[in-house]
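J.: here's a sequence, model it:
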Amino acid sequence: MPHHQVAFPRRLVALFALYLYGNMGAAQRSDIRVDVTLARVPFVATDSDGKPIRDLLRDELTVTEDGVPQEIKYLWTEMDLPLTVGLVIDISSSQMGFVRSHRDSVERFITHVIGPADRVLLATVDEQPRLVVELTSSSDELARGTELIRHQRHAGERFGEPCQPPERLSRRGTRACVGTAVWDGVFHVVRSQFLHAEGRKALVLLSDGLDLNSSVHGLSSAVEAAQSAHVAVYTLKYLSAPYLALSPLLIVRALRDHGMEEIAVQTGGLAFNNPKNLDKVYGQIEQDLRSQYILAYTPKEAPAGGTRHHLEIRTTRPATRVRAQTGYRGL
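T.: All right, here's what the predicted structure looks like:
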């Protein structure tokens, strides 16, 4: 469910500060503690050219939960708060060409997008997710991590539940795991690293998205985990023609699989399919993350535990697009 923060000794002062921020439209800080009943939803607003809009007012926005209009109490921006970013890289056989050819670009993302106060982790997915570099502000440590992946494919520590061998192999007495546990990687990175992180949060997933039922936790669980932690997922999808040529079935699965696009839409991120200019893509992701608003409201009805709730944010400003997570599951 949406992340709530508890006011401690100076609750009334904090609420008064939020009142001032709400009446000012979009304020410049969000390190304020609010009442536990307050739902907090990040979103990005862009014009028709995809450029961020940074002067939206509260009166120009509406939000509904399960179709019921909600009163927007506060609106502010998080431009000054640090970023927490997870880089999750598919290192399966279908993606190793990408890892080798675009390693320098990944390092440029780390060097140019990540500031001294920001934190980044590096994880990989194959038959089992692995954490290569824990959350850090050191660009040198992250660069060493990307170099390590290049020379030692299965670098890092495995995390999450043990991978599950396919049933057809288990029947033969084989315990080997195969496939690419993409959604397990997203699920466990978010749950273990992002739930309690403050400020702006994002996950950048580089993969072809061909999980092929390899994850213990599927796409829907990965989406719900990201929404619960307010993590926007940005996907860079690469389909390897030589790999797909190995099997007509793979081609069919690749054409029908839209998991990468779905998780981006559902979490308020962006999906990029076979991008040619990664520096431009990374620049767009950075621009997105540094233009984020936070909208807050008190739900008119208490969220029912275990129930999926649909969210929708709209604006009355012409030619303006709002991107936000599409829902959450009550706890």
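J.: quick one: Leu249 is in a strand?
T.: No: the assignment for Leu249 (DSSP: H, G, I helix; E, B strand; the rest coil) gives helix, which keeps it out of a strand.
J.: number of residues surrounding it?
T.: Using other C-beta atoms under 10 Å, Leu249 has 10 neighbouring residues. Backbone N, C-alpha and C define where each C-beta goes, glycine included.
J.: doesn't Thr37 make contact with Tyr297?
T.: No: using C-beta atoms under 8 Å, Tyr297 is not in contact with Thr37, being 9.7 Å away.
J.: neighbour-wise, which of the two wins?
T.: Neighbour count, other C-beta under 10 Å: between Tyr297 and Thr37, Tyr297 has more, with 20 against 10.
J.: what pLDDT does the spatially closest residue to that one that is not a sequence neighbour get?
T.: Distances taken as C-beta to C-beta, 6 or more residues apart in numbering place Gln70 nearest to Tyr297, at 4.3 Å, with adjacent residues excluded. On pLDDT, Gln70 comes in at 96.
J.: any idea how far Gln70 is from Glu224?
T.: 21 Å (C-beta to C-beta, to the nearest Å).
J.: and what of Ala143?
T.: Ala143 is 33 Å from Glu224, where distance means C-beta to C-beta.
J.: with Thr307 instead?
T.: 12 Å.
J.: who has more neighbours, these two?
T.: Set side by side, Thr307 and Glu224 show more neighbours around Glu224, with 20 against 12, by other C-beta under 10 Å.
J.: ok, the residue nearest to the more buried one when sequence neighbours are not counted - contacts?
T.: Once flanking residues are discounted, Glu224 sits nearest to Arg329: 5.3 Å by C-beta to C-beta, 6+ apart. Contacts for Arg329 (C-beta atoms under 8 Å, 6 or more residues apart in numbering) come out as 1, 224, 227-228, 306-309.
J.: can you tell me which of the residues you listed is nearest Leu250?
T.: Checking these against Leu250 by C-beta to C-beta gives Glu224 as the nearest, at 27.8 Å.
J.: run the chain-centre distance for the helix or strand hosting the closest one.
T.: Element membership for Glu224, per DSSP states H and E: helix 219-228. Taking the mean of its C-alpha atoms, helix 219-228 sits 9 Å from the chain's own mean (C-alpha atoms, centre = their mean, to the nearest Å).
J.: same question, stretch 265-276
T.: Stretch 265-276 sits 10 Å away from the centroid of its parent chain (C-alpha atoms, centre = their mean).
J.: CA atoms only: put that stretch into PDB for me.
T.: C-alpha atoms of stretch 265-276 as PDB (Å, rounded to 0.1, in the frame of the first residue of the first chain):
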ATOM      1  CA  VAL A 265       3.300   1.600 -17.200                       C
ATOM      2  CA  GLN A 266       1.900   0.200 -13.900                       C
ATOM      3  CA  THR A 267       4.700   1.900 -11.800                       C
ATOM      4  CA  GLY A 268       4.800   5.300 -13.600                       C
ATOM      5  CA  GLY A 269       8.100   4.600 -15.300                       C
ATOM      6  CA  LEU A 270       9.000   4.400 -19.000                       C
ATOM      7  CA  ALA A 271       9.600   1.500 -21.400                       C
ATOM      8  CA  PHE A 272      12.300   1.700 -24.100                       C
ATOM      9  CA  ASN A 273      12.400  -1.000 -26.800                       C
ATOM     10  CA  ASN A 274      15.800  -1.600 -28.500                       C
ATOM     11  CA  PRO A 275      17.100   1.900 -27.900                       C
ATOM     12  CA  LYS A 276      20.000   2.900 -30.100                       C
END
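J.: please tell me I have it right and Glu301 contacts Val68.
T.: Yes: with contacts counted by C-beta under 8 Å, Glu301 reaches Val68, the gap being 7.3 Å.
J.: Ser92 in helix, strand or coil?
T.: When classified by three-state DSSP, Ser92 comes out as coil.
J.: state the next helix or strand along the chain beyond the helix holding Glu224.
T.: Using DSSP H and E, the next helix or strand after helix 219-228 towards the C-terminus is strand 232-237.
J.: what strands line up against that following strand, and which way round?
T.: Partners of strand 232-237 in the sheet, by DSSP bridges, are strand 200-207 (parallel), strand 271-273 (parallel).
J.: of those strands, flag the one that's most buried.
T.: Highest mean neighbour count of the strands paired with strand 232-237: strand 200-207, a mean of 26 (counted as mean count of other C-beta atoms under 10 Å).
J.: and that strand, what's its mean pLDDT?
T.: Averaged over strand 200-207, pLDDT sits at 93.
J.: could I have the CA atoms of it written out in CSV?
T.: Once non-C-alpha atoms are left out, strand 200-207 reads as follows in CSV (Å, rounded to 0.1, in the frame of the first residue of the first chain):
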residue,chain,number,x,y,z
ARG,A,200,13.0,9.4,-5.1
LYS,A,201,13.3,5.8,-6.0
ALA,A,202,13.7,4.0,-9.3
LEU,A,203,14.8,0.7,-10.8
VAL,A,204,16.4,0.4,-14.3
LEU,A,205,15.9,-3.0,-15.8
LEU,A,206,18.0,-4.1,-18.8
SER,A,207,16.6,-7.4,-20.2
